[in-house]
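K.L.:
have a look; sequence and predicted model below, questions after that.
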Amino acid sequence: MSLDPFEHGSHKLVEQIPIVTYVLEFGEPSSIVYCSPQIEDMLGYSLEVYEEDPAYWIQVLHPDDREQVLAEDARVGSTGEPFEMEYRCIAHDGRTVWVYDRASVERDDEGRPRYRQGIMLDITARKALEERLISRAFHDPLTGLSNRVLFMEHLERALARRAIRESPVAVLFLDLDNFKLVNDSFGHDVGDQLLMAFAGRLQACVRPEDTVARLGGDEFTVLLEDVADTADTVRVAERIIEDLRVPFVLEEREIFINASIGIASSASARNRPSDLLKNADLALYEAKRNGKTRYEIFEEMMKRGFGEHPTPERDLRRAFEREEFIVYYQPKVALETGRIVGIEALVRWKHPTRGLIPPGTFIPLAEKTGLIVPIGQWVLRKTCEQAISWQEYYPGLPLTVSVNLSPRQVRDPQLVEEVSKILEETGLEPGKLVLELAEQVAMDGEEFTRLCDLKSLGLRLEIDDFGTGCFSLPYLRRLPVDTLKVDCSSAWRLEGRDGEMIISAATVLARALGQEIVAECVETGEQFTQLRELSFGQAQGNYFASPLPSEEVSALLAAGTLS
């Protein structure tokens, strides 16, 4: 082997590189021929320590890695094959340092391994990043608990062990009761603090070897192994419910929260993790249905009652509790200037597995079940809060926000009170809010008084999809409505000039009634030009912008015009 670079002093070059370079001579123990001074920066020991006692390096190796490193050393010394390992060392100040060590072997004239020359690199930062990424992939970022992926992995292993040892396995599925009220009343920061505090209490209620996970939102699960019988599992559930009787103190306020719990044991599943979790979920729903703040044990009759899969109504209710709804916004544009003058709020369902679900798929069910009332209140509050945010960022922009009211909402006797409360609590000026009503709702004489009460709050009312139903001209004139919103899509589908004539007639009617007119469903430049010629004031549609998340609408507001 030739060590000429070191013998002639040109090793000064490698000493400028931020890695450790070394040459060892095989022996018992190996002796150092050369080692760059970067080793002292990396581990804190001077070169003299290794030179005086070559075996000292063994003490520097991390105890958990020492045997493996020495075994690899011996293998390389006997075979002459290259050395390559990642292992840990203990630095002089007690730190654990990960190193990447790679070396080749030089043989003597008789072919026996004589020297090992290589490099060592400090990879502690990279290892820490890898650990963080792995932790993030398998743990909930808010609470630090296992996430769904890791929980299902633990559950699968537990069921496999159960098949061998015949030891029972149980799953508790927990859902915080009325958690949404905490977010609505105190804000999401306090809600997050509550979730973290609850996670700590939950862990304190079980054994260290039990797995506690957060599946998302306010849903948690607990995996219990080697439970003697159902009574043991029930005692855990009772302990959790009892522990929640003590309020959480967050930001100098006491917050009470309860939980509903579903229990399922391995005896009720076909040794499939998804079956056991599904059974616990069905039991949880039964606990919710029976009054909350209780536990229920899974029984087969629950499957017969609700089916193998959640019903659409139940799925929708759970979606609201889990805050899976989001608000998209579609701009309204002043045709003369092209500037955004209004924004309509449109609710979407962000399903965890099916993705973004359009309103036409779930709004009819929400209307039928009455869920549209709380969903509508949530959309209104969210939109008013977003409007305040936009006003702060774009103070000179004459912007209104529109929210649709369904027939069920208009019939709700608490509607006027709720709208007034949301305006007061969010601080939005009433004149900046537009409530859109379907034509058939606006024309229902029974709701006239309620519409007048809404109008008295100082907000604006708009008839949506005007022209798609039947209206009474005298009654329309009496209605406290500011704007007619014309769905132009059906008119544009007519042949010849019939569509243009219908749209033109709508503009004449609106002006005669002293009302503004807005065109919706504008899809092409030709339609845009036609509307300008008919002197429409405002329009919206995909030609300008499709419904977008709030941050993308903010970018449009910053840009200015859309046409």
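P.N.:
Cool, got the structure. Numbers count the residues shown, from 1 in each chain.
K.L.:
surely M120 is within a helix?
P.N.:
No: counting by DSSP: H, G, I helix; E, B strand; the rest coil, M120 is not part of a helix but strand.
K.L.:
how about the contacts made by it?
P.N.:
Going by Cβ atoms under 8 Å, 6 or more residues apart in numbering, M120 touches 19-20, 22, 39, 42, 99-101. The way it works is simple: take the backbone N, C-alpha and C, and place the C-beta from them, glycine included.
K.L.:
state the phi and psi torsions of M196.
P.N.:
phi -70, psi -40 (degrees, to the nearest 10).
K.L.:
how about it, nearest residue that isn't a chain neighbour?
P.N.:
Closest residue to M196 apart from its sequence neighbours, by Cβ to Cβ, 6 or more residues apart in numbering: T143 at 5.4 Å.
K.L.:
tell me the SS of that neighbour?
P.N.:
In three-state terms, and counting by three-state DSSP, T143 is coil.
K.L.:
re the thing from before, can I get the buried part of the contacts of M120 as one PyMOL selection?
P.N.:
Of the contacts of M120, the buried ones go into a single PyMOL selection, burial set by 16 or more other Cβ atoms under 10 Å:
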select buried, resi 20+22+39+42+99+100+101
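K.L.:
output the contacts of M120 in CSV, with secondary structure and pLDDT appended to each entry.
P.N.:
Formatted as CSV, these follow (DSSP: H, G, I helix; E, B strand; the rest coil; pLDDT from 0 to 100):
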residue, secondary structure, pLDDT
I19, coil, 88
V20, strand, 91
Y22, strand, 90
I39, helix, 90
M42, helix, 93
V99, strand, 95
Y100, strand, 95
D101, strand, 94
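K.L.:
quick one: the strands in the stretch 251-400 of the chain, in order.
P.N.:
For the stretch 251-400 of the chain, applying DSSP state E, counting those that start in this stretch gives strands covering 253-255, 258-265, 295-297, 325-334, 340-351, 355-357, 400-405.
K.L.:
for this protein, what's the longest helix?
P.N.:
As assigned by DSSP state H, the longest helix anywhere in the chain is helix 372-393.
K.L.:
so that helix versus strand 400-405, what angle?
P.N.:
180 degrees (axes from the mean of the first three to the mean of the last three Cα atoms, to 10 degrees).
K.L.:
where does pLDDT dip in this protein?
P.N.:
1-16, 135, 268-271, 304-311, 443-446, 467-477, 489-502, 561-563 (pLDDT under 70).
K.L.:
show me it divided up by domain.
P.N.:
4-129, 139-309, 325-559 (automatic domain parsing).
K.L.:
now distance to R317 too, for the ones you listed, in a markdown table please.
P.N.:
Formatted as a markdown table, those follow (distance: least, Cβ to Cβ, whole Å):
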| stretch | distance to R317 |
| --- | --- |
| domain 4-129 | 41 |
| domain 139-309 | 9 |
| domain 325-559 | 7 |
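K.L.:
out of the ones you listed, which comes closest to R318?
P.N.:
Nearest of these to R318, taken as Cβ to Cβ: domain 139-309 at 8.2 Å.
K.L.:
pull the contacting residues for E238.
P.N.:
Y295.
K.L.:
pretty sure it sits in a helix.
P.N.:
Yes: assignment of E238 by three-state DSSP places it within a helix.
K.L.:
how near is it to R245?
P.N.:
11 Å (Cβ to Cβ, to the nearest Å).
K.L.:
what of G77?
P.N.:
Distance from G77 to R245, by Cβ to Cβ: 66 Å.
K.L.:
which one of these two has more residues nearby?
P.N.:
G77 (20 against 9; other Cβ atoms under 10 Å).
K.L.:
how far is the longest helix of the chain from where the chain is centred?
P.N.:
Counting by Cα atoms, centre = their mean, to the nearest Å, helix 372-393 is centred 20 Å from the centre of its parent chain.
K.L.:
now it: buried residues?
P.N.:
Across helix 372-393, burial judged by 16+ other Cβ under 10 Å covers 372-373, 375-384, 386-387, 390-391.
K.L.:
host element of the nearest residue to N542 once chain neighbours are set aside?
P.N.:
Closest residue in space to N542, ignoring its immediate chain neighbours: E523 at 5.6 Å, by Cβ to Cβ, 6+ apart. Under DSSP states H and E, no helix or strand contains E523.
K.L.:
again, but for Q409
P.N.:
Assigned by DSSP H and E, Q409 belongs to helix 407-411.
K.L.:
for that helix, buried residues please.
P.N.:
Neighbour-count burial for helix 407-411, counted by 16+ other Cβ under 10 Å, picks out 408-410.
K.L.:
coming back round to it: out of the strands of the stretch 251-400 of the chain, the one nearest M196 is which?
P.N.:
strand 253-255 (12.6 Å).
K.L.:
chain center to that closest one: distance?
P.N.:
Per Cα atoms, centre = their mean, the centroid offset for strand 253-255 relative to its chain is 26 Å.
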